[in-house]
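Engineer: Sharing a model that was predicted from the sequence below.
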Amino acid sequence: MGYSGGRRWTRALAVLAALSIAIAACGSDKKGGTTGTAAQTTTAAPSGSSPATTPATTPATTPATTGAQPSAPTGELKIAASMADLATLDPPRAFADINGLLQPFWGEPLVTIDPADPTKILPALAASWTVSGDGLTYAFKLRTDAKFSTGNTMTADDVVFSFERLKNIQGSVAFVLDGATSIVATDPSTVTITLSAADSAFLAKVTNSALMVLDSTELKKNGAVSDATAKDADKAEAFLNTATVGTGPYMLKEWKRNERIVFDANPNYTGANKPAFATITVQDVREPATQAQLLQGGSVDLATNIDSDTAAGLKDASGVKVDTVQSVNLLYLALNNKAPSPFADPKVRQAIQKAIDYDGVGILTGATKRPAAVIPLGLQGIDKVTPVATDVEGAKKLLADAGLAAGFSIDVTFANYAPYGVPLTTLWEKISADLAKVNITLNLKPVEYDAWLQAYRAGGLPLTSSIWAPDFLDVTNYLDWFGSPESPVSKRVGFNSPEAGALFNQVKATTDPAKREDLSAQAATIMRDDASLIPVVQPNSIIAYRTTISHVEYSPNHQIEITAITPG
């Protein structure tokens, strides 16, 4: 990875195995609680219950800085990224892969993950926090120096308004506040959140960039509502697509959909990593080869969506560096098992799982890692579960047992882009060739991302592919979305395992590392054997950049630590 004197994430998978343990420990079962330390152009507008006992206090810490920071931001950082899924900049309504990259530009959560060691949760807008002994109450003591890009000082009322608005708009990301029965400002610099039941992953959830704090004064002026009527009454999205009123190091200058988004340095930023660049421009470039051409020609400084073949071609390019690191992202197949689909029979789903040539997919994508279920390797429990191996004859037998020895033909509608540098058209051509060996014919139908997403969310696709990047780094993120029968993804494909759902609830409720490990492994085994959702590859993250920039570092939850990058 690119490194020049700053922090570096060097133990990508090794430390992830401990990450869930560390996060769980923050919600300690011990008496006495715990203490943490902490197509249209839009132009930006002007800028409960008390703790069971009193916890012991430990000194507050702050996130590591990136080495020498410039005295004033200068120049422009130009980035090429695939922004096919960028639909809105309003955090409660934004739930797409690209938001993890962009949201840290303008917003900050209460707590964050240490990029140098993601087993640690560090302060961000909260200077410190306490957790009650029963794990139900979290009290966050806020920094008193944080300012919004508007110049207004952040207070506890802004936190309450932002969190209540996110919860009550009821967008896809609202699940991070599920179980929060009370969010109150107990004084101007303290926010207390009370849960209905202990949640060992709650602090991890609060690191999600969508839980940024926004200027409630400006929001209210522009139609924002935070109470129970917000789902229908809130009208602030249009404003937030033109103005980012957060506490982050940058603020929106312009967003031209499907073309570019531009940010300027926030002169009111008071955090640790001062803006290094006067301007950051992110160009919407969806093809890896095009990103590489722009990088080689000097039109961009950083390419975020490079595939392995393109990366190989950049190996000897003058002035270009390529870093490869194991990501925690996943690319999976979704088999709709709702009748009359052939996938209603678990034998057929399991046959698909056995028929895929995973070694060949690894060669194609440049990544060999593949978990047994839709949980990235490195998180609790998944490393104990063996993935299903390629077995063509076994797949034929399962199809014969299902009465489909002669095979069948089925449509595959998928998004025509290259997430994580993996061209989905090329991937599906490979899978089509694999399944042809067991007499299954795939009718490949690539479509634009928006059309695919609408069809997938409606549950109308018999067979497709999708991706997942972590909302927060804990196994419950995956057990919830892919193992719980009540999750949107489970409902789309018809996965319904009350046993897996019960295991998810048990993992969520316990902070005991050994129990979490065992329960997660049991749930992953059920998910693997059901085969409604089949992980195909855990891609590498390939980051290509000009040698004129430094501190280019992979982030497990933000793709790249953009705000750490400096000139030189």
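Structural biologist: Great, that's in hand.
Engineer: Next, the buried residues of stretch 377-397.
Structural biologist: Residues of stretch 377-397 classed as buried: 377-383, 385, 387-388, 390, 394-397 (neighbour count, 16 or more other Cβ atoms under 10 Å). Placement of C-beta: from N, CA and C, glycine included.
Engineer: quick one: which of those sit in strands?
Structural biologist: In strands, judged by DSSP state E, none of the buried residues of stretch 377-397 are found.
Engineer: Tell me which two of these sit farthest apart.
Structural biologist: Across these, the longest distance by Cβ to Cβ is 35.4 Å; it joins Q380 and K396.
Engineer: can you pull out the helices in the stretch 301-450 of the chain?
Structural biologist: 308-313, 346-355, 358-365, 392-401, 424-436, 449-457 (DSSP state H, counting those that start in this stretch).
Engineer: Highest mean neighbour count across those, which stretch is it?
Structural biologist: Of all those, helix 346-355 has the most neighbours on average by mean count of other Cβ atoms under 10 Å, namely a mean of 23.
Engineer: That helix: how far from the chain's middle?
Structural biologist: 28 Å (Cα atoms, centre = their mean, to the nearest Å).
Engineer: Low-confidence regions, the stretch 351-500 of the chain specifically.
Structural biologist: Applying pLDDT under 70 to the stretch 351-500 of the chain flags no residue at all.
Engineer: quick check: angle from the helix or strand where R528 lies to helix 346-355?
Structural biologist: Assigned by DSSP states H and E, R528 belongs to helix 513-530. Using axes from the mean of the first three to the mean of the last three Cα atoms, to 10 degrees, the direction of helix 513-530 lies 100 degrees away from that of helix 346-355.
Engineer: What residues sit buried inside helix 513-530?
Structural biologist: Buried-residue list, helix 513-530, by 16+ other Cβ under 10 Å: 513, 516-530.
Engineer: Go ahead and name everything in contact with it.
Structural biologist: 20-21, 24-25, 200, 346, 349-350, 371-375, 379-382, 384-385, 387-388, 475, 479, 482-483, 495, 497, 499-500, 503-504, 506-507, 510, 533 (Cβ atoms under 8 Å, 6 or more residues apart in numbering).
Engineer: rerun that using 7 Å as the cut-off
Structural biologist: Residues outside helix 513-530 that contact it (Cβ atoms under 7 Å, 6 or more residues apart in numbering): 20-21, 24, 346, 372-375, 380-382, 384-385, 388, 475, 479, 482-483, 495, 497, 499-500, 503-504, 506-507, 510, 533.
Engineer: for this protein, where's the lowest mean pLDDT among helices and strands?
Structural biologist: strand 41-43 (a mean of 40; mean pLDDT, DSSP states H and E).
Engineer: so what does the helix or strand following it touch, helix or strand wise?
Structural biologist: Proceeding N to C from strand 41-43, the next assigned helix or strand is strand 76-81, under DSSP H and E. For strand 76-81, the elements it packs on are strand 279-284, helix 288-296, judged by 3 or more Cβ pairs under 7 Å, 6 or more residues apart in numbering; DSSP states H and E.
Engineer: Mind checking those for the one nearest to D309?
Structural biologist: Comparing the helices and strands packed on strand 76-81 by Cβ to Cβ, helix 288-296 comes nearest, at 8.2 Å.
Engineer: And that closest one, how far out from the chain middle?
Structural biologist: That offset, for helix 288-296, works out to 25 Å (Cα atoms, centre = their mean).
Engineer: what's the answer for stretch 537-553, then?
Structural biologist: The chain centroid and the centroid of stretch 537-553 are separated by 17 Å under Cα atoms, centre = their mean.
Engineer: Give me the buried stretch members for it, please.
Structural biologist: 537-546, 549-553.
Engineer: cool, and stretch 178-185?
Structural biologist: 179-180, 183, 185.
Engineer: For it, list the C-alpha coordinates in PDB.
Structural biologist: Output in PDB follows, covering the C-alpha atoms of stretch 178-185 (Å, rounded to 0.1, in the frame of the first residue of the first chain):
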ATOM      1  CA  ASP A 178     -33.000  -0.300  15.300                       C
ATOM      2  CA  GLY A 179     -33.600  -0.900  19.000                       C
ATOM      3  CA  ALA A 180     -32.900   2.700  20.000                       C
ATOM      4  CA  THR A 181     -35.900   3.700  22.100                       C
ATOM      5  CA  SER A 182     -34.600   7.000  23.300                       C
ATOM      6  CA  ILE A 183     -32.100   9.500  21.900                       C
ATOM      7  CA  VAL A 184     -31.900  12.600  24.100                       C
ATOM      8  CA  ALA A 185     -29.600  15.500  24.800                       C
END
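Engineer: low-scoring stretches of the stretch 101-250 of the chain, by residue?
Structural biologist: Looking at the stretch 101-250 of the chain by pLDDT under 70, you get 118-119.
Engineer: The contacts of helix 513-530, buried ones only, as a ChimeraX selection?
Structural biologist: Selecting only the buried entries of those in ChimeraX, with 16+ other Cβ under 10 Å as the criterion:
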select :20,21,24,346,372,373,374,375,380,381,382,385,388,475,479,482,483,495,497,500,503,504,506,507,510,533
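Engineer: Tell me which stretches of the stretch 151-300 of the chain form helices.
Structural biologist: Here the stretch 151-300 of the chain has its helices, by DSSP H, counting those that start in this stretch, at 156-169, 202-206, 216-221, 230-233, 237-240, 288-296.
Engineer: between those helices, which gets nearest to G271?
Structural biologist: Here helix 156-169 is closest among the helices of the stretch 151-300 of the chain (Cβ to Cβ), at 15.6 Å.
Engineer: domain ranges for the protein?
Structural biologist: 12-38+40-46+73-293+541-567, 330-538 (automatic domain parsing).
Engineer: Centre of the chain to the shortest one, how far?
Structural biologist: In this view, domain 330-538 has its centroid 18 Å away from the chain centroid, taken as Cα atoms, centre = their mean.
Engineer: Could you do the longest one as well?
Structural biologist: From the chain centre to the centre of domain 12-38+40-46+73-293+541-567 is a distance of 12 Å (Cα atoms, centre = their mean).
Engineer: With adjacent residues omitted, what lies nearest to L435?
Structural biologist: A355 (5.4 Å; Cβ to Cβ, 6 or more residues apart in numbering).
Engineer: pretty sure the one you found contacts D434?
Structural biologist: Yes. Counting by Cβ atoms under 7 Å, A355 touches D434, with 5.6 Å between them.
Engineer: residue with max distance from the center of this protein?
Structural biologist: Taking Cα atoms, centre = their mean as the measure, the residue most remote from the mean C-alpha position of the chain is A406, 40.7 Å away.
Engineer: Spatially nearest residue to that residue, not counting backbone neighbours?
Structural biologist: Using Cβ to Cβ, 6+ apart, the closest residue to A406 is N439 (6.1 Å).
Engineer: Tell me how far I526 lies from L479.
Structural biologist: According to Cβ to Cβ, to the nearest Å, I526 stands 10 Å off from L479.
Engineer: And the nearest residue to M212 once chain neighbours are set aside, how close does it get to A458?
Structural biologist: Leaving aside its chain neighbours, M212 sits nearest to G107 (2.7 Å; criterion: Cβ to Cβ, 6+ apart). Distance, G107 to A458, using Cβ to Cβ: 30 Å.
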